[in-house]
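S.K.: Provide a 3D model corresponding to the input given below.
(2 chains)
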Amino acid sequence: MLKKIVLNVILGVIRGFVEYLVYFRIPLLILTDYLKVPVTPVKPLEVAVIFGVFVALNTTSSNVKPQIGIVFDALSSLLGLLIVLELVFGTMEAGRVEVVHRAGELQVRGELVFRPLVILLVGFAVLFTIVRLYEKIVHSEE
Amino acid sequence: MFATLKYALVIALVSVLVLFVAPFVLFIHDVLENPECIGLEIRPLGQVSEDTIKAVLEVNYCSEVPLKDLKIQLSDREIGIEEVKAGKVVKEVVLSRGDLEVGIVKVEFKIGGLYRVVLEYR
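M.R.: Next up is the predicted model:
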């Protein structure tokens, strides 16, 4: 029994860590390092809270009955989606990057809009969430 | 059943992402390789009336990724070209003297019809 609980906790921590990477760390890395979008620095405390909430939700989900676990899974996925949407809509105004360059009297404003890509990614994230929850429901009925 | 569905979804996501991102990556690659990849030039041909001039707009483009909905804004005139492929596009236009004096103030196009780019000069 104890062994099962410990295993479930480890599984929950791993899943929480993976969701933290997928929904927060990797999108942030892509935005700041690859797209060079100026993002307001996230405080270490906020990072710790995000990580902690992901781990807590996933650990709880692993340790309760599957029917109840679905709720925590859904909350974890919704939190992830909320973070991605906040990063995308908050820092990039829904897939838009603007750069202003000044050279003497001439000012050049460049704007790149990549909304179709953002919509595609959000759509797939929703689809994955639905499949995961449906899988949980099916397994809980078996 | 769900494992197969998840794999299918991952494959679909990767395929669609490649299709979506490839035009952008190719365009950036071509522009970085050749900074003069996109060239816009307006050459006056002759006078039509006292205030209007017949001119030719020449667009030189080097990338294989087509540019869609190209719009070139002059002082108070907008010239639109539906699609620009690698090579040269020439269009005859009638412009006012003011348009020619001010020159190009804004260029707008969509890379592969997907990513809108706006360049404004002030």
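S.K.: near chain A, anything from the helix ranked longest in chain B?
M.R.: For chain B, the longest helix by residue count, based on DSSP state H, is helix B:2-33. Yes - interface with chain A: helix B:2-33 contributes B:2, B:5, B:6, B:9, B:13, B:16, B:17, B:20, B:21, B:24 (C-beta under 8 Å from any C-beta of the partner chain). For glycine as for every other residue, the C-beta is placed from the backbone atoms N, C-alpha and C.
S.K.: what about the residue lying closest to the fifth one once chain neighbours are set aside, which helix or strand?
M.R.: In space, not counting the residues next to it along the chain, residue B:13 is nearest to residue A:124; the distance is 5.0 Å by C-beta to C-beta, 6 or more residues apart in numbering or on different chains. Per DSSP states H and E: residue A:124 is located in helix A:115-141.
S.K.: report the contact partners of the residue nearest to residue B:21 when sequence neighbours are not counted.
M.R.: Leaving aside its chain neighbours, residue B:21 sits nearest to residue A:117 (7.2 Å; criterion: C-beta to C-beta, 6+ apart). By C-beta atoms under 8 Å, 6 or more residues apart in numbering or on different chains, the residues touching residue A:117 are A:95, B:20, B:21, B:114, B:115.
S.K.: pLDDT weak spots in chain A?
M.R.: Scanning chain A for pLDDT under 70 picks out the ranges A:35-38, A:89-95, A:141-142.
S.K.: what residues does it have near chain B?
M.R.: Contact residues (C-beta under 8 Å from any C-beta) of chain A with chain B: A:106-114, A:116-117, A:120, A:124, A:127-128, A:131, A:134-135, A:138.
S.K.: which element is residue 49 on?
M.R.: Since you didn't name a chain, this refers to chain A. Here residue A:49, judged by DSSP H and E, is contained in helix A:44-63.
S.K.: contact residues of chain B facing chain A?
M.R.: Within chain B, the positions lying close to chain A (C-beta under 8 Å from any C-beta) are B:2, B:5-6, B:9, B:13, B:16-17, B:20-21, B:24, B:114-122.
S.K.: find the residue at the geometric middle of chain A.
M.R.: Closest to where the C-alpha atoms of chain A average out (C-alpha atoms, centre = their mean) is residue A:23, at 1.9 Å.
S.K.: nearest spatial neighbour of that one, skipping sequence neighbours?
M.R.: Leaving aside its chain neighbours, residue A:23 sits nearest to residue A:80 (3.3 Å; criterion: C-beta to C-beta, 6+ apart).
S.K.: need the three-state assignment for that neighbour.
M.R.: helix (DSSP: H, G, I helix; E, B strand; the rest coil).
S.K.: that one touches residue A:26, doesn't it?
M.R.: No - between residue A:80 and residue A:26 there is no contact under C-beta atoms under 8 Å: 11.1 Å.
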